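J.: build the 3D model from these lines:
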Amino acid sequence: KSLNFLLKEGARQQFLIKVGDFGLADIRKETIRQTNCNNITPPSTIGTVQWLAPELFAFGRPTLASDVFALAVVFWELATGLIPYEHSNESVIRLGVCHGERLVIPTEVPDQFRDIITRAWAQDPNTRSTCPMIIDAI
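T.: Below you'll find the predicted structure:
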């Protein structure tokens, strides 16, 4: 999600971007599992619902494809300046994403960027763009 992108201004007004929170959700889930006195299973989904790929709601296992889906939502944020699903509850988001609904990309977003976003958040993880494909498109 966009909150995990850390920006720092470098030399000559260039920006350095670092991505944080690699695997922390997995560590947190394992910690909950190990310390839970009641043996109650933690939720199967990992991450913040607004950026989750549809397959994570079913399987709960992050993959490179699910990371690309989340990146597509971040690209949507960059294109719109909005918070994804700002006024929706988690159940509505889950249901919509699982049924192939996506955030609306405004018509003023350039076609090339629209295509990058659309391919990156494809419903089928096997047809999503890969990171090298996104880099080539940019």
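J.: how about low-confidence regions in this protein?
T.: Applying pLDDT under 70 to the chain picks out residues 1-7, 16-47.
J.: what are the boundaries of the strands in the protein?
T.: Secondary structure of the chain (DSSP state E): strands at 5-9, 15-19.
J.: if I look at the nearest residue to residue 137 once chain neighbours are set aside, how far off is residue 11?
T.: Once flanking residues are discounted, residue 137 sits nearest to residue 116: 5.1 Å by C-beta to C-beta, 6 or more residues apart in numbering. Every C-beta, even on glycine, is put in place using the N, C-alpha and C of the backbone. The spacing between residue 116 and residue 11, counted by C-beta to C-beta, to the nearest Å, is 29 Å.
J.: same drill for those two, tell me which one is more crowded.
T.: Neighbours were counted for residue 116 and for residue 11 using other C-beta atoms under 10 Å; residue 116 has more, 21 against 6.
J.: tell me how far the more buried one lies from residue 81.
T.: 17 Å.
J.: likewise residue 114?
T.: 16 Å.
J.: in the chain, which helix has the most residues?
T.: Ranked by residue count, the top helix of the chain under DSSP state H comes out as helix 64-80.
J.: for that one, name the packing helices and strands.
T.: Here helix 64-80 touches helix 54-59, helix 111-120, helix 131-137, going by 3 or more C-beta pairs under 8 Å, 6 or more residues apart in numbering; DSSP states H and E.
J.: closest one to residue 85 among those?
T.: Of all the helices and strands packed on helix 64-80, it is helix 54-59 that lies closest to residue 85, at 14.0 Å by C-beta to C-beta.
J.: and the residue minimising distance to the centre of the chain, how far from residue 57?
T.: Central residue of the chain (C-alpha atoms, centre = their mean): residue 70, 1.6 Å from the mean position. Here the criterion is C-beta to C-beta. By it, residue 70 lies 13 Å from residue 57.
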